[in-house]
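Asks: Structure of the sequence below:
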Amino acid sequence: NYNNTAVPSWTYRVGASYITGTHAIKFGVNNLTGYLNNRQYRLNNLAYRFNNGVPNQLTMFATPFTVRSEMNADWGLYVQDRVNLGRATVQGAIRFDGFNTGFPAQTVGAAEFTPSRNLSFPETPSTSWKDITYRTGFIYDLSGNGKTAIHGGLNKYVIRMAPDFSIRYNPNSPDTDTRTWTDLNRDNIAQENEFGPSQNLRFGVAQTTRPDTNLKRPYNVEYNVGVDHQLRTGVSVGLSYYRRTYPSGLFDRSQPFLPDNILVSPADYTPVSIVNPLDRSPLTLYNLAPSKLGLVDIVDRNPKGYTQWYNGLEWVYEVRTPGNGKLFGGVTTDRTMYRNCNVDDPNLNKYCDQTALHIPFRTMFKTTGFYPLPFWGVELSGSFMSYPGAELKVDYIVNRALLTQLTGGAATLTQASVTLPLVAPGTKFLKQQNEMDLAVGKSIAVGAGRTLRLRLDIFNALNTTWVETQNTTYGPQLDRPTALMQARLFRFSAQFHF
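Replies: Got it, this is the predicted structure:
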């Protein structure tokens, strides 16, 4: 897959401050404009998928094509103030955000699997949003001696966008088509007579995704409260609680909205009973009605009934040692849960409500420090991290041949394949991962105003090995490691300052 992409942008910002004895006021405006121009082409317009060495699926691409998406405005107007009120300091800010995208007139010609394609699209507006966000915070000196303070805040954040965001709605951005592949002559080369039926009847001729007319920009709201205390000179600790909610739904730039295929509904699926191959418990697969195969008209919406929460507790410390050394770090325990059961495909609804599951809190510890030795101008530094291993899933990919086998021929799968989760979220994780990094550095004066800085870093100093990722597809390769922690690594660097 090859592509040539240009993303030029132009930015300006203007700000001013007004500071008095009790107030620190700042206001300003900023704007970003630009465009994305992307040409895609492939040496092979087919991508193959094999299951245990046997071909079972392919993806078709309608390249070459060129798309252009324009970001007409990404502007903000803000004002903020910080007020000192004796022991208390209060700050607040309000910001008006605007975001507007569109597409110029475009054309697209023939491709390998769309030989008769010759389309023209007029200039088209796309998303246009206006939002108000805010930041608030306070800190209060409890004892009046600067040793103990409570603090908190309430903040709203909108998701960041860029020129490539609206490419998903560009009418000149051909979609893909996934089909089953039965290799009749067993040569591992796909011929058209071996392709299954289309899963996308608009393939290569029209974009299948468009924004809902009432689409809102995703945002989240953060609440935080905490206390900091100085135990003694050079030693302080703090404890804070954080909570985030996501009222508008998903907060993921790669997939910020719920794709709603308006031509298909849950009523178009028929349940088929099979068994979970891990524990032989009952498992339900939902088979699409044959009359709905390939019908695709996706409207991006803010998901109804979607709820997501983050809760985290953080303890931090900081120690200043004699000789200008410093040690700091902390422990974080947190958990994210969501509920998202309003989707077209009921195959995605298993485990859709995590509030009904036991999702554990996960704990991470990190400490970092440095200490300048009193001789030879040498400084020692290092860090230790212990963080939870990644959450694991087990995907059961059921294709047509497998479903026929599982049901004894009683059911024929309409879709090319269906992926079913075999384990509940929050039940399978990689091991806790620990890593220590060390470094030693020295500065050498080599003349007036000139310094040579030498540094030796030792990454993964204990040479521990753990699995970072592993295969999550059910089959003979399940749980096979796919990436390991890098072994101990030495790096020597030198910088010359003059």
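Asks: Rank the helices and strands of this protein by mean pLDDT and give me the bottom one.
Replies: Sorted by mean pLDDT, DSSP states H and E, the helices and strands of the chain end with strand 2-6, the least confident at a mean of 84.
Asks: Partner strands of that strand, with direction?
Replies: Using DSSP bridges, the strands paired with strand 2-6 are strand 23-41 (antiparallel).
Asks: List the buried residues of the partner strand.
Replies: For strand 23-41, burial by neighbour count (16 or more other Cβ atoms under 10 Å) applies to A24, L32, T33, G34, Y35, L36, N37, N38, Q40. All C-beta atoms are positioned from the backbone trio N, CA, C, and that covers glycine.
Asks: Does T404 lie in a helix or a strand, and which?
Replies: helix 400-406 (DSSP states H and E).
Asks: typo on my end, V14
Replies: strand 9-19.
Asks: Direction included, what does that strand pair against?
Replies: Going by DSSP bridges, the partners of strand 9-19 are strand 23-41 (antiparallel).
Asks: Just the C-alphas of the following helix or strand past the partner strand, formatted as PDB.
Replies: With elements assigned by DSSP H and E, the helix or strand that comes after strand 23-41 is strand 46-51. Once non-C-alpha atoms are left out, strand 46-51 reads as follows in PDB (Å, rounded to 0.1, in the frame of the first residue of the first chain):
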ATOM      1  CA  LEU A  46      -6.400  -7.500  -2.800                       C
ATOM      2  CA  ALA A  47      -5.500  -8.400   0.800                       C
ATOM      3  CA  TYR A  48      -5.600 -12.000   1.700                       C
ATOM      4  CA  ARG A  49      -6.500 -13.700   5.000                       C
ATOM      5  CA  PHE A  50      -5.600 -17.300   6.000                       C
ATOM      6  CA  ASN A  51      -6.700 -19.400   8.900                       C
END
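Asks: after strand 46-51 comes which helix or strand?
Replies: Defined by DSSP H and E, the subsequent element after strand 46-51 is strand 54-60.
Asks: which stretches of the chain have low pLDDT?
Replies: Where the chain drops to pLDDT under 70, the residues are 1, 249-254.
Asks: re the thing from before, need the contact partners of the strand holding V14.
Replies: 24-34, 71, 163 (Cβ atoms under 8 Å, 6 or more residues apart in numbering).
Asks: try stretch 48-65
Replies: By Cβ under 8 Å, 6+ apart, the list of residues contacting stretch 48-65 reads 39-42, 45-47, 108, 111, 113-114, 117, 172-183, 188, 190, 195, 203-204, 397, 399, 401, 416-417, 475-476.
Asks: now with 7 Å?
Replies: 39-42, 45-47, 108, 111, 113-114, 172, 174, 176-181, 183, 188, 190, 203-204, 399, 416-417, 475-476 (Cβ atoms under 7 Å, 6 or more residues apart in numbering).
Asks: wait, isn't F27 in contact with V79?
Replies: Yes. Using Cβ atoms under 7 Å, F27 is in contact with V79, at 4.1 Å.
Asks: Kindly format the C-alpha coordinates of stretch 101-118 as PDB.
Replies: Provided in PDB are the C-alpha atoms of stretch 101-118 (Å, rounded to 0.1, in the frame of the first residue of the first chain):
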ATOM      1  CA  THR A 101     -14.600  21.200   7.400                       C
ATOM      2  CA  GLY A 102     -15.600  20.500   3.800                       C
ATOM      3  CA  PHE A 103     -14.500  19.100   0.400                       C
ATOM      4  CA  PRO A 104     -13.700  20.800  -2.900                       C
ATOM      5  CA  ALA A 105     -15.000  19.500  -6.300                       C
ATOM      6  CA  GLN A 106     -13.400  16.200  -7.100                       C
ATOM      7  CA  THR A 107     -13.300  13.400  -9.700                       C
ATOM      8  CA  VAL A 108     -12.300   9.700  -9.600                       C
ATOM      9  CA  GLY A 109     -11.700   7.400 -12.500                       C
ATOM     10  CA  ALA A 110     -11.600   3.600 -13.200                       C
ATOM     11  CA  ALA A 111      -9.800   1.100 -11.000                       C
ATOM     12  CA  GLU A 112      -9.100  -2.700 -11.200                       C
ATOM     13  CA  PHE A 113     -12.400  -3.700  -9.700                       C
ATOM     14  CA  THR A 114     -14.400  -0.700 -10.800                       C
ATOM     15  CA  PRO A 115     -13.500  -0.500 -14.500                       C
ATOM     16  CA  SER A 116     -16.500   1.600 -15.500                       C
ATOM     17  CA  ARG A 117     -16.100   4.200 -12.600                       C
ATOM     18  CA  ASN A 118     -16.100   7.800 -13.800                       C
END
